[in-house]
Structure formats: C-alpha cells, structure tokens
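Trainee: my questions are about this predicted structure, shown below with the sequence.
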Amino acid sequence: MIEFLDVSKTYRLKGVRKNILNGLTTRFPKGKNIGILGHNGAGKSTLMRLIAGAELPDSGRIKRNVKVSWPLGFGGGFAGKMTGIENVRFVARMYGEDTERMVEFVEDFSELGPSMTLPIQTYSSGMKARLAFGVSMAINFNCYLIDEITAVGDARFKRKCDKVFETKLKHANIIMISHSEATIKKLCDSACLLHDGELTMYDSVDEALAQHRKNQLK
Amino acid sequence: MENVITTQTRVIGALVLRETRTAFGDTQLGYLWAIVNPALSTLVLVLIFSSIGRSPAFGTSFALFFASGILPFQTYSKLSSSLMTAVSSSKGLLSYPLVKETDILVSKYILITLTYLMIIIVFFTMIIWGDGSPLPVRPEQCAAAFIFLTLLGFGAGTTNAVLFRLWPTWKQLESIISRPLFFLSGIFYVPSDFPTQIVRLLAWNPVLHGIEWFREGYYGNYDSIVLDKSYLLTCIVILLLVGLFGERLYRKKSI
C-alpha cells in the first residue's frame, strides 16, 4: 500500500510556478489496479515519480510498504554508450537480481537478437521501449508503475506484453497513466483524477472517466 | 524491507561498474584509457621539462619531483571538476528510485580515487625502476596525504555541484578560477624556497598543503615550512559540510 500524507509539490522553472499537488492525503490501496487520469501537463508523470520515490515532495510524506517499480516507459536510465546487455546487467546488479537470469529473460522477451550486444544509442525508440519493458518485467515488483508504455511495438509484441502482464497481475498490481480509455478500462478496477492540484479517487473507472471527459470540455 | 546500507552498497557498486563502461565503453582498451591517458600526458610533461635541462627543485630526479606534485594535484582537480557535473550529466539515473544523488557522487569518487591510485602506483614504479629513484621513506604519510587530497576533491566537487545547480554559469567560472591552482600548488617548485610573504599567500591554497604533505612523506628530509595539516583538514570539513548540506537541500527536488 502506498500512502500520501499532506504531500505538496510545486515546480518553479524560470519564474513559472506550477502547482502539481496541494497537500494531498490519500492512499493507493493494495490489491487494486489504479488508473491515473488528467489532461496533458496536469502532473501525472510527476505524481508517478513521487509514488516511485524518484522525486521528493516539497513537503509531506510518502509511505510505501511494497516493492514499487520505477516508472516504466522511459529509457532515461539507460546509458547510450553501453550495450543492451550491459544496461540489463546494471539494473540487475542494482536490484540484487541474478544478472545472467535477467539477461536471459530480457533477451528472450524483447527479441532484440544480436542488437543486444550493440550500444543503446544505435537503437530505435521502439527497440529501446522493448528493452525497457523487458527489463522491468524481469523483476518481480508488488506494484508496477506504468507511464503510457502499453503502446510499444507491433501487434505481435503487444500481445506478448499483454500475456506477461496477465501473469504478473496475478501477484502484483499496477498504477498506470494512459490516455486510452480502453486500456484503463481493461486493466484498472479503480481510477483517480488529477485536476488543478487536486487528486480525486473514484471507486468506479466509468465515473472517473465521465468526470475526466467533463473536465476536458470546459 | 531490506537493510538500507546493503541496498546502497549494491547500488554504488553497480554505478561504479557502469561508469567504467560509460566513460570509455566505445574505445578498444575501454577503461584502461582512464589510467593510460593521464599517465602518458604526465610522462610527456616530464620528458619535455627534463629535456630542456631543468634540474629538480628538490632531490636528484626531476621526474620524481614533478610526479610527486602533479599526480596528487590531478587527483584533486579531476575529482573537483567531475563531481561538479556528475549528477546533472546522469539525471536519467535518478528515475530509478534506488539511486540517490549521493550514490552518484560516491561512486564517481570511488572510481576516480581508485583510478588515480593505480596511476600513481604505475607511475612511481616506472620512475623508481627507470631512473633509480628511492622508494618513499614514509609511504603511510604519502597515503594519508593522498586520501586527504581526495577528500578535499570530494568536498570541492560536491560544493561545485551545489553552486552549479543554483547557477549554471559556475561551471565556466570554476574552470577559470581553478586554472591558476596548477601554478599555485607547488607542483614544479619548493614553496619553502620562496620569501616569507609569498609563502604566506601560497599557504591559503589547501591543495598546496596536500602536495607538501605527500612530498614530506616521500622524501623524508623535505621539511616543509608551510605544511599545516590542520588547515587542510579545516578546508576539507568546511567544503564537505557545504557540499553535503547543499545536496541535502536540493536533492531530487526537480528532475
């Protein structure tokens, strides 16, 4: 379970202030798959980084008592000069996983073949996403944070992702950001809406989606 | 939940290994370049100076005198400048919740310190073997001086990182400000030979104290009149406090 206690976060960049959260107190319950909705720039990705612990709040506390992944869907932590395999090994070492088992899993999952031995800077964005997805699926987290990653690769790879996901979701939960209503409906059983610095929890996904649509019409 | 120290040790270990690949990963010799490059450029300087017939300011071997100044100096300056941009140049890493800013700084510190330790060992072995120079008289003093210089570099580097974060222009200014240090640190002269007034000015430079300490340890009869270990230690403590406190204030606040 992840708990927010009076969490505030504001960005100040070149004189522009942007409120992401104003004293949010809430809990993301264990055993639920939660979708995060909000318009572009509302701060969904920041919220996700706060959940992950990749970023610190200005004030307040965030408690987690489950093993939370990093926000999936970026290749930002990969080093361009290192090969695919070296990047996998780095993450494995960091998380204390068996490096060779993890390399094997990722090689098999992401189907990058000989490209695994090439530096990442030669990869296309699709290839990077496959690698990133493979790496995160190789580690067993209690909670996977997914930031718009479901649109990776071709139809066949998507089916493969869905399948791994299904197995993972038997033992783990997700918190995800997606602009696709279909994806949210398919994977999540509750949702929250980030709007003007306030986060509202909804038990029903449909209700949240309806409010989200209404907000966007304003 | 796992023990915090175990986790951070593992993360730092992973970062050190990663750094050896990212710095020189695309060249054939890989990380060896990190050792070969400074060692060769120092060798070139030694050859140039000794070929124009400069006699050493102390001792009988110019190579030994020069190396005992420039290698500790380079250790300091490499740390000071690399740590300044270490975090900002690997921001992507911070997306992994396990990685803290201090881990990046510490891993870089470990790697640079070990690299320069290797360079120093290789270089001095070459000199002792090549021109029959003596072994260090008090190696433990050399080691202590080296460690203190790395800590000074760590303090300066983390302080630089804070200043750079608040004010990106600092990177340019720092390189201008620190350039004279090469001439002010007693690398190719003996500070004790200078008039008192000049010595008093030079004594403000903490790096000079580190180098004097190293030479005292190496030569045994060097007898520096400037060396003040407590001054060096004070500078280290102040820089570390500023650097680490600043890091604490600004960590992971904005990516």
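Mentor: Perfect, I can see it now. Residues are numbered from 1 along each chain as shown, chains lettered A, B, ... in the order given.

Trainee: and residue A:116, how many neighbours?
Mentor: 20 (other Cβ atoms under 10 Å in any protein chain shown). For glycine as for every other residue, the C-beta is placed from the backbone atoms N, C-alpha and C.

Trainee: any idea how far it lies from residue A:186?
Mentor: 31 Å (Cβ to Cβ, to the nearest Å).

Trainee: also residue B:93?
Mentor: In terms of Cβ to Cβ, residue B:93 sits 33 Å off from residue A:186.

Trainee: with residue B:200 instead?
Mentor: 76 Å.

Trainee: ditto for residue B:155
Mentor: From residue B:155 to residue A:186 the distance is 53 Å (Cβ to Cβ).

Trainee: quick one: least confident helix or strand in the chain?
Mentor: Let's take chain A. helix A:155-169 (a mean of 83; mean pLDDT, DSSP states H and E).

Trainee: the intended chain is chain B.
Mentor: helix B:32-51 (a mean of 83).

Trainee: is that helix in proximity to chain A?
Mentor: No. Helix B:32-51 lies apart from chain A when judged by Cβ under 8 Å from any Cβ of the partner chain; the minimum separation is 13.2 Å.

Trainee: okay, buried residues for that helix please.
Mentor: Residues B:34-35, B:38-39, B:42, B:45-46, B:49-50 are the ones in helix B:32-51 that count as buried (16 or more other Cβ atoms under 10 Å in any protein chain shown).

Trainee: where does the prediction get shaky in chain A?
Mentor: For chain A, the stretches flagged by pLDDT under 70 are A:73-76, A:149-153.

Trainee: which residues of it fall in helices?
Mentor: A:44-52, A:84-94, A:99-110, A:125-137, A:155-169, A:181-187, A:205-217 (DSSP state H).

Trainee: got these as JSON lines, with mean neighbour count columns?
Mentor: Shown next, in JSON lines, are the helices of chain A (neighbours: other Cβ atoms under 10 Å in any protein chain shown):
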{"stretch": "helix A:44-52", "mean neighbour count": "23"}
{"stretch": "helix A:84-94", "mean neighbour count": "23"}
{"stretch": "helix A:99-110", "mean neighbour count": "17"}
{"stretch": "helix A:125-137", "mean neighbour count": "21"}
{"stretch": "helix A:155-169", "mean neighbour count": "13"}
{"stretch": "helix A:181-187", "mean neighbour count": "16"}
{"stretch": "helix A:205-217", "mean neighbour count": "14"}
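
Trainee: so which of these gets nearest chain B?
Mentor: Closest to chain B of those is helix A:84-94 (Cβ to the nearest Cβ; 3.8 Å).

Trainee: and that closest one, what other elements does it pack with?
Mentor: When contacts are defined as 3 or more Cβ pairs under 8 Å, 6 or more residues apart in numbering or on different chains; DSSP states H and E, helix A:84-94 packs onto helix A:99-110, helix A:125-137, helix B:4-24.

Trainee: and those as CSV, adding distance to residue B:141?
Mentor: Shown next, in CSV, are the helices and strands packed on helix A:84-94 (distance: least, Cβ to Cβ, whole Å):
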stretch, distance to residue B:141
helix A:99-110, 41
helix A:125-137, 48
helix B:4-24, 28
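
Trainee: quick one, which of these is nearest to residue A:147?
Mentor: Shortest distance between residue A:147 and the helices and strands packed on helix A:84-94, using Cβ to Cβ, is found for helix A:125-137: 10.7 Å.

Trainee: fine by me, thanks again.
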